[in-house]
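# Just a sequence and a predicted model for now, questions to come.
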Amino acid sequence: MNLCLYNSQIKQFLDIRNDFSVVQFRYDGAKGVVSINPDMPKHIHLFIRDSMKKFHSNHDCFEVCKLSAPRPIYLNRQAILLLSYRQISDSSFLILQQQHLLNVLILDD
């Protein structure tokens, strides 16, 4: 099973509206966390590292334990420095800061 192909089926089966990119799973004696990679070759469906294999099993049902979900984030100095190092422009952070300040002012009224 290619998680990218089955992303919509998982969402439909679990009645989830939000997109997700990470899945905590159990499958064929393995457990762990995998991320959705749309660029993965179509012949590779699921990449399981040796460290994820806990025991031998013939159980071939992909069990979803938990999905990633949207969470609020906060930019601290270290995060901004890291993102700047990764070529995110400083103006992007200034725009975010201005939007946040406007939201605070609107809520304060």
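Looks like it came in fine. Keep in mind it's a predicted model, so treat the numbers as computed, not measured.
# Spatially central residue (nearest the centroid) of this structure, please.
The chain has residue 21 as the residue nearest its centroid, 3.2 Å off, counting by C-alpha atoms, centre = their mean.
# That residue and residue 60, how far apart?
24 Å (C-beta to C-beta, to the nearest Å). To be clear about C-beta, it is placed using only N, CA and C from the backbone, and glycine gets the same treatment.
# Residue 24 too?
18 Å.
# Please identify which of those two sits among more neighbours.
Between residue 24 and residue 60, counted using other C-beta atoms under 10 Å, residue 24 has the larger neighbour count: 14 against 8.
# before we move on, back to that, residue contacts, the residue nearest to the centre of the chain?
Each residue near residue 21 by C-beta atoms under 8 Å, 6 or more residues apart in numbering is listed here: 35-36, 68.
# Could you tell me the phi and psi values at the nearest residue to it once chain neighbours are set aside?
Distances taken as C-beta to C-beta, 6 or more residues apart in numbering put residue 36 closest to residue 21, at 4.9 Å, once the chain neighbours are dropped. Note on residue 36: backbone dihedrals following degrees, to the nearest 10 are phi -80, psi 130.
# So residue 36 is in contact with residue 11, correct?
No: proximity of residue 36 to residue 11 does not meet the contact threshold set by C-beta atoms under 8 Å, at 11.4 Å.
# what do those two both touch?
Common contact partners of residue 36 and residue 11 (C-beta under 8 Å, 6+ apart): residue 20.
# where in the protein is pLDDT low?
Within the chain, the stretches falling below the threshold (pLDDT under 70) are 1-7, 109.
# Report the residue ranges of every domain in it.
Using automatic domain parsing, the domain ranges for the chain come out as 3-67, 77-108.
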